[in-house]
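Engineer: Just need the structure, nothing else, for what follows:
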Amino acid sequence: MTHGFFAWMGGFMLYINGKLRAALTTDELLHFVRMGSVDMPGDRLSKGIALVQLVWFVIQLIAHYIQNLPITLIEIDTLAIAALTCVAYGLWWKKPKDVGCPYIVHWKAQNQPSTLTYEYII
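Structural biologist: Numbers count the residues shown, from 1 in each chain. Okay, here's the model as predicted:
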């Protein structure tokens with residue numbers, strides 16, 4: 001849904017051989033992603049850091065359990081929320097983090113698209 005609205009507003013700009021070619025519509029973006037001609041952007045760094053923090057938290061809880069130290073209810077609650085966060089990150093891994101300017105989508109297939117809805121003639 002997020003990518004659809006973003007593409008509808010002209011948020012994905014297609015570049016072919018390093019040159020701006022067109023603003024992609026929702027249908028074009030979906031078609032090109034399914035064909036494997038373009039990759040969707042995503043912020044792997046921030047999501048990766050969050051996952052590393054989560055793994056560290058789980059390791060600490062396991063260490064408390066092994067050493068027979070008490071585990072508080074808030075730690076158990078945090079663990080449950082963190083587990084749900086992992087599921088959400090897994091499902092939304094390629095979703096863009098911020099929407100501040102158009103995302104550049106690079107064409108990676110050999111043959112170029114024939115017609116585009118909002119093609120720039122330069």
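Engineer: Name the spans of the chain whose pLDDT lies under the cut-off.
Structural biologist: Counting by pLDDT under 70, the chain shows low-confidence ranges at 1-5, 39-44, 94-101, 103, 114-115, 117-122.
Engineer: So which residues of it form helices?
Structural biologist: Counting by DSSP state H, the chain has helices at residues 2-8, 26-35, 44-66, 73-91.
Engineer: between those helices, which one is nearest to Tyr15?
Structural biologist: helix 26-35 (12.4 Å; Cβ to Cβ). In short, each C-beta sits where N, CA and C put it, glycine included.
Engineer: which parts of that closest one are buried?
Structural biologist: In terms of neighbour count (16 or more other Cβ atoms under 10 Å), helix 26-35 has its buried residues at 28-29, 32-33.
Engineer: Summarise which helices and strands that helix is packed against.
Structural biologist: helix 2-8, strand 12-16 (3 or more Cβ pairs under 8 Å, 6 or more residues apart in numbering; DSSP states H and E).
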